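>>> Fold the following and give me the result.
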Amino acid sequence: MSADSSKQIKQMVNFIMQEAHEKVNEIRIKTDHDFNLEKQNLVHNGKLKVQEEYAQKEKDLDVEQRVSRSAAVGAARIKKMKARDELLEKLKQETMDELDAYCKSSGNSELIRNLIVQGLVKIEEDDVEIFARAEDRALVNAVLPDAIADFKYKMAAADRQAVPKVTVSTTPLPNKMCRGGIVLT
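The predicted structure is shown next:
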């Protein structure tokens, strides 16, 4: 029996060993499967995190580009407005210089006479006072008789009779405010 029992024990040991090897393989397969699942989850989560980071970076870059574009547009507008202001100021100065030159020319007396006539026609008052710059007062006094005569002629042509009392004020118009011309009240 000992040979039989020894054979039977050997078979049992072989069976147990085979079962143990199968169990080891089963555990190894399960472990490999669990490892691969966990690895896939970690890789997937890592990919999602990287994609989110890049999406956020792309948004941040887009916002930064918009801000910089807006700043550039604003700077260009400011530059354009400054250039426009400089041109307007230059044009204003050139116009003032031309007005100063015209006020010193011989055409100014004709302009002042026509302005007096036009003012008298517009306001249609019996008592009119003319304000002029101090340097233009002598010119206004010189052209006033011709202007009144011209006014009377125009009123007679329109079948109106008018003989206004026109005086030149001793209060001058401020030089800083105007470059020439007259004010009738």
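
>>> tell me the helices in the protein, going along the chain?
With DSSP state H as the criterion, the chain has helices at 2-103, 107-123, 137-157.

>>> who wins for proximity to G181 among the ones you listed?
G181 lies closest to helix 107-123 among those, at 6.5 Å (Cβ to Cβ). Heads up, the C-betas are built off the backbone N, CA and C, glycines and all.

>>> Given the longest strand anywhere in the chain, what are its sheet partners and their directions?
Looking across the chain with DSSP state E, the single longest strand is strand 127-132. Neighbouring strands of strand 127-132 in its sheet, by DSSP bridges, are strand 165-168 (parallel), strand 182-184 (antiparallel).

>>> How about it, which residues are buried there?
128, 130-132 (16 or more other Cβ atoms under 10 Å).

>>> wait, which of the residues you listed is closest to K92?
Nearest member of these to K92, counting by Cβ to Cβ, is A132, at 22.5 Å.

>>> circling back to that earlier point, report the angle between the longest strand of the chain and helix 107-123.
In terms of direction (axes from the mean of the first three to the mean of the last three Cα atoms, to 10 degrees), strand 127-132 departs from helix 107-123 by 150 degrees.

>>> Not counting strand 127-132 itself, show me its contacts.
The set of residues external to strand 127-132 that reach it, using Cβ atoms under 8 Å, 6 or more residues apart in numbering, is 112, 116, 119-120, 139-140, 144, 164-169, 171-173, 181-185.

>>> who's in contact with the worst-scoring helix or strand of the chain on mean pLDDT?
For the chain, the helix or strand with the lowest mean confidence is strand 182-184, at a mean of 85 (criterion: mean pLDDT, DSSP states H and E). Outside strand 182-184, the residues that touch it by Cβ under 8 Å, 6+ apart are 112, 115-116, 119-120, 123, 128-132, 136, 140, 173.
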